[in-house]
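1. Okay, predicted coordinates and the sequence, questions at the end:
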Amino acid sequence: MFDVDYDLLEEARKNYKLLIRTNRTSQENIKNHVTVKILESLGYDSMDFDYESSFSGKSNKRVDISIRVGDDKIYIELKNGNKHLDVGDIEQLHDYLNKDECEWGILTNGRRIVLINYKINTFPNSTYTSKKENKTVFDIDIFKSEQLEYLVFLTKEAIFDTEVTNYFKLISQFKAIKYPDGGNSWKVYKGTLYNFFRYYSFKKKEFIPLEQIRINEFKDFLLYEKEKKSKINRKPDKLNTFANKYSHIRTMFTELKRNNLLGPHNFEEPRSKLLELFMDKKLDEDEDILSLDNIKTILDYLELNSENSLRDKLIFLLCVYMGLERFTLINLNKDNFDLKRKVIIIEEKRIPLPEILCNYVKELFNINKKNGIKGSYLFYSYYDKRYRRITESNMNDIFNKIKNIDLLDKKWTKFSPRTIRKHLIKQMFYNKYSIEQISYITGMNVNSISKIISQEDIISNVKISKRIISSHPFCNIIN
């Protein structure tokens, strides 16, 4: 559902880098070589693009691109590649949207993509230099992987066909009311709201009015999220954590209703209502699923039950060895490997690659070549009569196969890149890897690792010898 064409997006990213490197960042170059490809990767048909489109009524001003989507349209305002997008640029696009009462607009310099919604109401309690900044729904840097997971909500299908992007418009509306200037409190609310409505969008595959969302559906989200998350350093009361998140969504619904933007809804019950739903629910922590027996069972199963067994086994083993995430796996290409030196290169880090993985990588590249694939990516899938770079949906299908090992054993439903990563980090720590080594290999920052490796783990695993005194930086003073 509303997938991004990452092959086209990667072309746009490469073109942007080249234009920056060769100092050819004019608005026209950015439009032709970057922006058009990005828009096509989001599902917009270039035959529906009207360039330098004039507004309704009398006006000498023109929007750079107007895209027709049925009876609707979306305006695209372009800037050159070196231009820092600021308040004035947001105001300019907002004024264009205002002239034609066009609801959606995108502001971009090729690298940043800012989605604006004209219909978000702003209020005078903001200290922003421009209240129109609060009409921003997304601000995505195409070179930051943690932001790209939300690019799907800028697709034609998400904005116009299924309309699920309206969930994030409503989140922005709530921010404009309650937290117009952002701040730390807003960051906490944003985390809960973004995670829930992303989950809900993919589950429902269409916009459901907020008034129809039930508490039980939010409870299901909390249980789903819990399966994906690791223990934190000092274990909180799980029910209180859930209740806090319930308060976040309840506050959003309450504020929207108070401002006549929402009718009666199902989140008017106090926090205690959610707690009651969980009283009979056992919330055990995940068992240690990353055992040698389980890994061997999965590899054997994929060998016998997968049409692309080499590809699927290699993806699984890279997760087990390095804890790679979906986005990194999807984008692996020839530049990431130095097979003569037996290393994998991730974000300029050179990490030794075991012999068996080197052989698998070499064999898969050879298979790709025999299949006539001209691209340089490692992982492909075949559909619609041609090979395409593997997508997140394809990746999910691989891990969904593992469930079929034993439908009666729930442990096989828990395997995913994120869950494997969590268990791998613990196993590495227990096997005497330092925090720095774990961070280097997995790419996870130390703060995130601390949420997986508890203080109790450190106390039980670290032994301090008398030699620590002689190696202390101030041993001459303290000795």
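-> Alright, I've got the coordinates.
2. Show me where the stretch 201-350 of the chain has its helices.
-> 215-228, 238-258, 271-278, 292-305, 309-322, 326-331 (DSSP state H, counting those that start in this stretch).
3. any idea which of the ones you listed is most buried?
-> Of the helices of the stretch 201-350 of the chain, the one with the most neighbours on average (mean count of other C-beta atoms under 10 Å) is helix 309-322, at a mean of 21. (Glycine included, C-beta is placed from N, CA and C.)
4. same for that helix, what does it pack against?
-> helix 292-305, helix 326-331, helix 355-370, helix 392-402, helix 417-430 (3 or more C-beta pairs under 8 Å, 6 or more residues apart in numbering; DSSP states H and E).
5. Residues contacting the longest one, please?
-> When contacts are taken as C-beta atoms under 8 Å, 6 or more residues apart in numbering, the neighbours of helix 355-370 outside the stretch itself are 310-311, 313-314, 317-318, 321, 334, 337, 339, 342, 344, 353, 375, 378-380, 387.
6. Flag whichever of the helices of the stretch 201-350 of the chain has the least confidence on average.
-> Ranked by mean pLDDT, the helices of the stretch 201-350 of the chain bottom out at helix 271-278, which scores a mean of 64.
7. still on that earlier bit, which among the helices of the stretch 201-350 of the chain is found nearest to residue 90?
-> With C-beta to C-beta, the closest approach to residue 90 among those belongs to helix 238-258: 23.0 Å.
8. Point out the other helices and strands that the closest one packs with.
-> Against helix 238-258 (3+ C-beta pairs under 8 Å, 6+ apart) you get helix 166-178, helix 184-204, helix 215-228, helix 271-278.
9. Setting the sequence-adjacent residues aside, check what's closest to residue 423.
-> Excluding the flanking residues, the one nearest residue 423 by C-beta to C-beta, 6 or more residues apart in numbering is residue 290, at 3.8 Å.
10. in terms of contact, does the one you found touch residue 421 like I think?
-> No. Residue 290 sits out of contact with residue 421 when judged by C-beta atoms under 8 Å, with a separation of 9.8 Å.
11. Can you get me a residue count around the residue nearest to residue 423?
-> Residue 290: 20 surrounding residues under other C-beta atoms under 10 Å.
12. Next, find the distance separating it from residue 331.
-> Residue 290 sits at a distance of 24 Å from residue 331 (criterion: C-beta to C-beta, to the nearest Å).
13. Could I get the contacting residues of the residue positioned nearest the centre of the chain?
-> Compute the mean C-alpha point of the chain, and by C-alpha atoms, centre = their mean the closest residue is residue 149, 2.7 Å away. By C-beta under 8 Å, 6+ apart, the residues touching residue 149 are 198, 327.
14. how about the helices and strands packed on helix 309-322, which one is nearest residue 453?
-> Across the helices and strands packed on helix 309-322, closest to residue 453 is helix 417-430 (C-beta to C-beta), at 5.2 Å.
15. and the angle for that closest one with helix 292-305?
-> 140 degrees (axes from the mean of the first three to the mean of the last three C-alpha atoms, to 10 degrees).
16. Can you list phi and psi of the residue nearest to the centre of the chain for me?
-> Residue 149 adopts backbone torsions of phi -60, psi -20, taken as degrees, to the nearest 10.
17. okay, now the domains of the protein?
-> If you go by automatic domain parsing, the domain ranges for the chain are 1-157, 162-284, 292-461.
18. any idea which of these scores lowest on pLDDT?
-> domain 162-284 (a mean of 83).
19. chain center to that domain, what's the gap?
-> Its chain's average C-alpha position is 18 Å from that of domain 162-284, according to C-alpha atoms, centre = their mean, to the nearest Å.
20. Chain neighbours aside, what residue packs nearest to residue 299?
-> Per C-beta to C-beta, 6+ apart, closest to residue 299 is residue 313, 5.7 Å.
21. do the same with residue 343
-> residue 350 (4.6 Å).
22. what's the answer for residue 186, then?
-> residue 179 (3.8 Å).
23. so that neighbour touches residue 193, yeah?
-> No. Assessed by C-beta under 8 Å, residue 179 is found out of contact with residue 193, at 11.2 Å.
24. between these two, which one's more packed in?
-> Neighbours per residue (other C-beta under 10 Å) separate residue 179 from residue 193, with residue 193 holding more: 23 against 18.
25. Contacts only, for that one.
-> Residue 193 neighbours (C-beta under 8 Å, 6+ apart): 171, 174, 248-249, 252.
26. Kindly recompute the last result at 6 Å.
-> By C-beta atoms under 6 Å, 6 or more residues apart in numbering, residue 193 lies in contact with residue 171.
27. now the one 4 residues further on
-> Contact criterion C-beta under 6 Å, 6+ apart gives residue 167 as the residues in contact with residue 197.
28. 8 Å - rerun?
-> Contacts of residue 197 by C-beta under 8 Å, 6+ apart are 167-168, 171.
29. Tabulate these (TSV), appending neighbour count and distance to residue 97.
-> What follows is those, written out as TSV (neighbours: other C-beta atoms under 10 Å; distance: C-beta to C-beta, whole Å):
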residue	neighbour count	distance to residue 97
167	23	20
168	22	17
171	18	19
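30. what are the phi and psi values for residue 146?
-> Backbone dihedrals for residue 146, given as degrees, to the nearest 10, come out at phi -70, psi -20.
31. Same question for residue 63.
-> phi -90, psi 150.
32. list the contacts for the nearest residue to residue 406 once chain neighbours are set aside?
-> In this structure, residue 406 finds its nearest non-sequential neighbour in residue 412, 5.8 Å apart by C-beta to C-beta, 6+ apart. Going by C-beta under 8 Å, 6+ apart, residue 412 touches 402-406.
33. any idea which of those has the most stuff around it?
-> That'd be residue 402 among those, by other C-beta under 10 Å, with 22 neighbours.
34. so that residue makes contact with residue 414?
-> No. Residue 402 is beyond contact range of residue 414, at 9.1 Å (criterion: C-beta under 8 Å).
35. list residues touching both of those two?
-> Counting by C-beta under 8 Å, 6+ apart, nothing touches both residue 402 and residue 414.
36. Using a markdown table, please lay out the helices and strands packed on helix 309-322 together with distance to residue 186.
-> What follows is those, written out as a markdown table (distance: least, C-beta to C-beta, whole Å):
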| stretch | distance to residue 186 |
| --- | --- |
| helix 292-305 | 41 |
| helix 326-331 | 26 |
| helix 355-370 | 43 |
| helix 392-402 | 28 |
| helix 417-430 | 25 |
